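J.: coords please:
(one chain, ligands or ions: 1)
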Amino acid sequence: MNSFDVVVIGSGPGGYVSAIRCAQLGFKTAIIEKYSTLGGTCLNVGCIPSKALLSSSHHYAEIAHFADHGIEVCGEVKVNLEKMIARKTAVVDQTSGGINYLMDKNKITVFNGLGSFVDATHVAIAKADGTSETIEAKHTIIATGSKPSSLPFIKIDKERIITSTEALSLTEVPKHLVIIGGGVIGIELGQVYLRLGAQVSVVEFMDRIIPGMDGALSKELTKVLKKQGMKFYTSHKVQSVERAGDVVTVKAENAKGEVITLEGDYSLVSVGRRPYTDGLNAEAAGVKISERGQVEVNDHLQTSASNIYAIGDVVRGAMLAHKAEEEGTMVAEILAGQKPHIDYNLIPGVVYTWPEVAAVGQTEEQLKAAGVAYKSGSFPFKALGRARASADLDGFVKILADATTDEVLGVHMIGARTADLIAEAVVAMEYKASAEDISRMSHAHPTFAEAVKEAALAATENRAIHV
Ligand code: FAD
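T.: Okay, here's the model as predicted:
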């Protein structure tokens, strides 16, 4: 029987990063993946393909502004969706090949098949050809991720009533895409098809889209997306989603009991994701699963079985690839006797629409609820030379700092390239910077990053220069 120091179940960003870190630390490591390709949700049907389609559709949408830049388009510009999807698939395939290379390079044994516990130290692998192999594992790391969830009364047929997975491979641009759920995934995919010519309606139960983020970001993103033509039905509870032929009818009710009926040709159900442990046989190893379906872990990501750990979407916390990666690294280092630490407050959140939305730390709503005395400084991109030069004028940077100590408590931004700009805020907060610290650092001119400095100046005695 093959025997390993560490066996990782699941090859998403949590699992494969953890396997590499384990191998770097000298453990004999194996990884088990039930699909034929490595990379998990993020690479195959999540982060990467969605960003490929966002990029392609962004290029197309930009054509509408070419004339402003003195570029004349002579002749028709058309979308070839088949080619766009094929490019996305090629990006995924190439990146997945890169993970195979990394597994080889780090001498990690890859098993393709469904991993399920026999007991706390043995995992059986059921392979596609019907055979099975059992391996011995001193330590196991569960990184089995998540799957799209739905509402009990919605029947997802994967043709017209779809999840994000199908939305990444449509064969036609919908005429009217009705999106259920105004969270990150729904809004990103909504913008893809809006740009490609679909009418897009978003039905959201809460009173605003991207409800987990700072209210000011929701407000600005809603304003910009409305300008682009997206329609929103917030504070609406979906009652039914029915398909008749090629028509999907969505009914939703507001707080006053008024019912709206939306008819589309596709409905994207993006109401969240559920932790995935199907087929894992966790009980056999003594691993407890919570009522919400998450693998229960302590602060060291250790499960109720002391030699088994769990990371990523299958445990509590934000369902984000970089959170899964940090946890994967942390467990490997714990196994090696190190004392790593993750500050979950400093895991940034990003929406890859254009303008991009990015945030780290506490929202204004959270600070108010906690009774923290804070001050706020904001700076609009439209006052920035770089933003004017590229005509990316929407959005702002907002910095929240402790009223007494000036320590930065939260940074919230919407605008061009904020997905990358947020890294500066993470570094600053990791080192417990004050708003004044950021305001005194030189930021290259002209850059979008100057908005961060200006917002920090605004939070420091209202000293912004360019407003
Ligand atoms: P996963 O990536 O879900 O991987 C789990 C793997 O385990 C899968 O490959 C699965 O097949 C395998 N597996 C499960 N059970 C078994 C078993 N018993 N045996 C063997 N293998 C098994 N996050 C971001 O940070 N940024 C983004 O831009 C972003 N965009 C997204 C866009 C979309 C459309 C979606 C759906 C998600 C997006 N996410 C994004 C979320 C991100 O994909 C997840 O947070 C991330 O993939 C979680 O990583 P993970 O390693 O925990 O699990």
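J.: separation between the closest residue in space to D207 that isn't next to it in sequence and G190?
T.: Distances taken as CB to CB, 6 or more residues apart in numbering place S235 nearest to D207, at 4.8 Å, with adjacent residues excluded. In this view, the C-beta of every residue, glycine as well, is placed from N, C-alpha and C. Distance of S235 to G190, computed by CB to CB, to the nearest Å: 18 Å.
J.: swap in D207?
T.: Relative to G190, and taking CB to CB, D207 is found at 18 Å.
J.: those two: which is more packed in?
T.: Shown here are D207 and G190; by other CB atoms under 10 Å, G190 has more neighbours (27 against 12).
J.: so what does the helix or strand the more buried one falls within touch, helix or strand wise?
T.: According to DSSP states H and E, G190 maps onto helix 184-195. Other helices and strands packing on helix 184-195, by 3 or more CB pairs under 8 Å, 6 or more residues apart in numbering; DSSP states H and E, are helix 47-62, helix 164-167, strand 176-180, strand 199-203, helix 215-228, strand 266-269, strand 349-351.
J.: give me every residue that touches the residue most central in space within the chain.
T.: By CA atoms, centre = their mean, the mean C-alpha position of the chain lies nearest to L320, the distance being 4.9 Å. By CB atoms under 8 Å, 6 or more residues apart in numbering, L320 lies in contact with I347, G349.
J.: what would the helices and strands packed on helix 184-195 look like in JSON lines with distance to the ligand?
T.: Formatted as JSON lines, the helices and strands packed on helix 184-195 follow (distance: least, CB to the nearest ligand atom, whole Å):
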{"stretch": "helix 47-62", "distance to the ligand": "4"}
{"stretch": "helix 164-167", "distance to the ligand": "4"}
{"stretch": "strand 176-180", "distance to the ligand": "12"}
{"stretch": "strand 199-203", "distance to the ligand": "15"}
{"stretch": "helix 215-228", "distance to the ligand": "16"}
{"stretch": "strand 266-269", "distance to the ligand": "10"}
{"stretch": "strand 349-351", "distance to the ligand": "7"}
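J.: mean pLDDT and mean neighbour count added to those, as JSON lines?
T.: Converted to JSON lines, these look like this (pLDDT from 0 to 100; neighbours: other CB atoms under 10 Å):
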{"stretch": "helix 47-62", "mean pLDDT": "98", "mean neighbour count": "18"}
{"stretch": "helix 164-167", "mean pLDDT": "98", "mean neighbour count": "20"}
{"stretch": "strand 176-180", "mean pLDDT": "98", "mean neighbour count": "26"}
{"stretch": "strand 199-203", "mean pLDDT": "98", "mean neighbour count": "23"}
{"stretch": "helix 215-228", "mean pLDDT": "98", "mean neighbour count": "18"}
{"stretch": "strand 266-269", "mean pLDDT": "98", "mean neighbour count": "26"}
{"stretch": "strand 349-351", "mean pLDDT": "98", "mean neighbour count": "22"}
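J.: which residues touch the closest residue to K231 other than its chain neighbours?
T.: In space, K231 comes closest to S201 once its chain neighbours are excluded; the distance is 4.4 Å by CB to CB, 6+ apart. Going by CB under 8 Å, 6+ apart, S201 touches H176, L177, V178, I179, M230, K231, F232, Y233, L262, G264.
J.: so how far is A252 from S201?
T.: 10 Å.
J.: A143 touches G328, doesn't it?
T.: Yes. Using CB atoms under 8 Å, A143 makes contact with G328 at a distance of 6.7 Å.
J.: intersection of neighbour lists for those two?
T.: Jointly contacting A143 and G328 under the rule CB under 8 Å, 6+ apart are G14, G15, S18, I311, G312.
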